[in-house]
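J.: Quick one: sequence plus predicted model below, questions after.
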Amino acid sequence: MSPPPIAAQGLGKRFRREWGLRGLTLEIPSGAIVGLAGPNGAGKSTLLALATGLLAPTEGTISVLGRDPLRSAGVLAKVGYVAQGAPLYRSFSVAETIEFARRTNAGWEDEAAADLLTRIDSKTKVGSLSEGDRARLALALVLGKRPQLVLLDEPFASLDPLAGRELLQLLMDGVAETAATVVVASHVVADIERVCDHIVLLTAGGVRLEGNVEQLLDSHRLLTGPRRPLGSIRGVREIVRERHSGRQLTMLAVVDGPIVDPSWTVERVSLEELLLAYMAPERLPTARPPEKVPLRWHG
Amino acid sequence: MRDVIEFHLDPRSGVATYLQIVQQVKEALRLGTLDVGDQLPTVREVVADLAINPNTVAKAYRDLEREGLVVARQGRGTFVASTLAPASLRHHDELRAALERWLGSALAAGLDEESIRALISATLRESLARNVA
């Protein structure tokens, strides 16, 4: 049994007086393509930074491929990570960037990175590349390492739809070749809905929902019907979120059997609708907490 | 030889991705645009084209293999093993009905399962030998 790509136990990270993550317990299945979803400030970037040893936990533990990322340089060689904004050395040319990667990564393989670089002139300075080409170069640096685990923090954020689709094609091709586990943090669900087989939803520093996408979609239904006092409904195990408007009641429910009551219209939900329902707060907040900016730029 | 089928994905259809691939292969088989011996696109080709999870393609191909429609050849790719062309399906129905009638007669005549199998094997062997000669 190989160790899970990422395993966290009671993981917490505090920044001054705010907790970015707290009590997070989680295991990522090997070989999965995981969508790490959640609103801005939920802790996605913090979790990825903890997985790469860029941050140290305040409490709890995190292990990557069975090792502590803070203590094992060997395990970091198997992890490919692209931080938000795909940070690269802007004054380097593309060729110099690849040479840098070649010299700093023991397991570097030129052919693995080559596919992504065919349309980019190697003499161009990184700072002059388009957003799409910079993202492609950052992905080349990751895939050239032949990693077992790929961590991408908001890779589609500044890409137009075509560049985003091309990046996803290249990523999936790279994964098909290496069978790597991939974790993509994105606050736009549509970007990851296409490829993820596993989802982790973070809200306010904790795991709100987690599991295999197919199973989650199979176990939830949207029920619509006339508004009425609710007792227990046969087939419904838990109500995630309910809304009523005038005479109609709509609710997203976890189901454990068929809904036999004909007064309910029963529909499946999309992954995006499911995540939005879990992201919404149960009660309206009285004041919004300040937006967290946990990472400073690491040069 | 490998451009025989190009998959497309409708993310809004509510149909799981792997099932869409399975359905598109079956449709091509029914229409005859995919024939026995044709090679399906490799997993890498499909994901590089559609930007979908490689596990999804693998699952679709496994399902098709389980149904006997394709066969995976280690290191070489996945190939069409049988067709769904309407002609052969039509004959299946008639032949099945005739076989059931015959079996009814055999059982009524007092043959047990072993005897029926022996009779079928022998007759099949002789009949094939005659047709080839």
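T.: Arrived safely, thanks for sending.

J.: count of residues packed around residue 15?
T.: Since no chain was named, I'll use chain A. Residues near A:Phe15, counting by other C-beta atoms under 10 Å in any protein chain shown, number 14. Where you see a C-beta, it was placed from the backbone N, CA and C, and this is true even at glycine.

J.: meant chain B actually
T.: When neighbours are defined as other C-beta under 10 Å, B:Val15 has 13 of them.

J.: check contacts around residue 11.
T.: Let's take chain A. A:Leu21, A:Gly23, A:Leu24, A:Thr25, A:Leu26, A:Leu47, A:Leu50, A:Pro57, A:Glu59, A:Gly60, A:Thr61, A:Ile62 (C-beta atoms under 8 Å, 6 or more residues apart in numbering or on different chains).

J.: switch to chain B, that's the one I care about
T.: Listed by C-beta under 8 Å, 6+ apart, the contact partners of B:Pro11 are A:Glu193, A:Arg194, B:Thr17.

J.: coming back round to it: derive a PyMOL selection command for the buried subset of the contacts of A:Leu11.
T.: In PyMOL, a selection of the buried entries from the contacts of A:Leu11 looks like this (16 or more other C-beta atoms under 10 Å in any protein chain shown):
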select buried, chain A and resi 21+24+26+47+50+57+60+62
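
J.: just the contacts of A:Leu11 now: which is nearest chain B?
T.: Of all those, chain B sits closest to A:Leu26, with 20.3 Å by C-beta to the nearest C-beta.

J.: Looks to me like that closest one is in a helix.
T.: No - read with DSSP: H, G, I helix; E, B strand; the rest coil, A:Leu26 is strand and lies in no helix.

J.: packing partners for the helix or strand harbouring A:Glu273?
T.: In the assignment (DSSP states H and E), A:Glu273 maps to helix A:271-279. Applying 3 or more C-beta pairs under 8 Å, 6 or more residues apart in numbering or on different chains; DSSP states H and E, one finds that helix A:271-279 makes contact with helix A:189-193, strand A:198-203, strand A:206-212, helix A:213-218, strand A:236-245, strand A:248-255.

J.: Find the residue ranges of the chain scoring beneath the pLDDT cut-off.
T.: This is for chain A. A:1, A:281-299 (pLDDT under 70).

J.: not what I meant, chain B
T.: Using pLDDT under 70, chain B drops low at B:1-3, B:85-90, B:132-133.

J.: Chain A contacts on chain B?
T.: With C-beta under 8 Å from any C-beta of the partner chain as the criterion, chain B meets chain A at residues B:9, B:11, B:14, B:16, B:43-44, B:47-56.

J.: make it 10 Å
T.: Proximity of chain B to chain A, by C-beta under 10 Å from any C-beta of the partner chain, involves residues B:9, B:11-12, B:14, B:16-18, B:42-59.

J.: Buried subset of those residues as a PyMOL selection?
T.: Command for PyMOL that selects the buried part of the residues of chain B next to chain A, burial taken from 16+ other C-beta under 10 Å:
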select buried, chain B and resi 9+16+17+18+42+43+44+45+46+47+48+49+50+51+52+53+54+55+56+57+58+59
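
J.: what about residue 20, how many neighbours?
T.: Picked chain A for this. For A:Gly20, the neighbour count with other C-beta under 10 Å is 26.

J.: that answer is for a different chain, and I need it for chain B
T.: Look at B:Gln20: counted by other C-beta under 10 Å, it has 20 neighbours.

J.: you'd agree it is up against B:Asp10?
T.: Yes - if you go by C-beta atoms under 10 Å, B:Gln20 and B:Asp10 touch, sitting 6.7 Å apart.

J.: quick one: the spatially closest residue to A:Phe100 that is not a sequence neighbour from chain B, how far?
T.: Nearest non-adjacent residue to A:Phe100, counting by C-beta to C-beta, 6 or more residues apart in numbering or on different chains: A:Phe92, 6.8 Å away. Using C-beta to the nearest C-beta, to the nearest Å, A:Phe92 is found at 28 Å from chain B.

J.: now A:Ala56
T.: 33 Å.

J.: The closest residue to that residue other than its chain neighbours: what's it in contact with?
T.: In space, and not counting its chain neighbours, A:Ala56 is closest to A:Leu70: 5.9 Å by C-beta to C-beta, 6+ apart. By C-beta atoms under 10 Å, 6 or more residues apart in numbering or on different chains, the residues touching A:Leu70 are A:Leu50, A:Thr52, A:Gly53, A:Leu54, A:Leu55, A:Ala56, A:Pro57, A:Ile62, A:Val64, A:Leu76.
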